[in-house]
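1. just the structure for this:
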Amino acid sequence: MAGLDLMRGLQDGSVPGAPIAALIGMSIAEVDHGRIVMRLTPAEFHYNPIGVMHGGVLATLLDSVMGCAVHSTLPKGRAYTTLEIKVNYVRAVTNDSGELSAEGKVVHGGRRSAVAEAKVTDGKGRLCATASTTCMIFDQPPA
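-> Here you go, the predicted structure:
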């Protein structure tokens, strides 16, 4: 199916979600062509030993929202993979941060590559992290 249809199916539950989404508790809140918003509520199981959300959880959220934004632009039969990701952590996240909102947007979508950017804000609208990615676009191999 086309990427936008897949993202809408993930959002409404008609397509089974990715196991990583269930593992860390992220969900798709908004879907548009080239733009995805995901939500995640911080919990203690996300914490690192110093008592804040592990940076890897935020990186996973950012990678997911950017990758899904890219995927939403692809026609049936095309796929993507992350080639690189750059994350900037701006603010520590804890249970007190409230629900996180991650927005990913495609900056450039080409035949062979795509560039996307994302940001995570907390329940008070404060910036927690930003990221950018380059994704490789390719034909899906036959099943």
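2. read off the pLDDT value for the most centrally placed residue in the chain.
-> Geometric centre of the chain, nearest residue: V65, 1.6 Å, by C-alpha atoms, centre = their mean. Looking at V65, its pLDDT reads 98.
3. measure it to I50 for me?
-> 25 Å (C-beta to C-beta, to the nearest Å). Glycine gets a C-beta too; all of them are placed from N, C-alpha and C.
4. kindly report the same for D32.
-> 37 Å.
5. what about Y89, how many neighbours?
-> 16 (other C-beta atoms under 10 Å).
6. quick one, phi/psi of the nearest residue to it once chain neighbours are set aside?
-> Nearest in space to Y89, with sequence neighbours left out and distances taken as C-beta to C-beta, 6 or more residues apart in numbering, is A129 at 5.2 Å. In terms of degrees, to the nearest 10, the main-chain angles of A129 are phi -160, psi 150.
7. across the sheet, point out what pairs with A129.
-> According to DSSP bridges, the residues that bridge with A129 are Y89, V120.
8. residues contacting it?
-> L58, L62, V87, N88, Y89, V90, R91, K119, V120 (C-beta atoms under 8 Å, 6 or more residues apart in numbering).
9. and if we set it to 10 Å?
-> 53, 55, 58-59, 61-62, 87-91, 93, 100, 102, 118-121 (C-beta atoms under 10 Å, 6 or more residues apart in numbering).
10. any idea how far it is from M53?
-> 10 Å.
11. what of D63?
-> 15 Å.
12. any chance you could map the helices in the protein?
-> With helices called from DSSP state H, the chain shows them at 3-12, 19-24, 55-71.
13. hey, which of those helices is tucked in deepest?
-> Greatest average neighbour count among the helices of the chain goes to helix 55-71 (a mean of 23), per mean count of other C-beta atoms under 10 Å.
14. and T121, how many neighbours?
-> 19.
15. hang on, it packs against S101?
-> Yes: T121 is within contact range of S101, at 5.2 Å (criterion: C-beta atoms under 10 Å).
16. quick check: neighbours shared by the two?
-> C128.
17. pLDDT score for L61?
-> The model's pLDDT for L61 equals 98.
18. got it, and A143?
-> So, for A143, pLDDT stands at 76.
19. burial of it, as a residue count?
-> 3.
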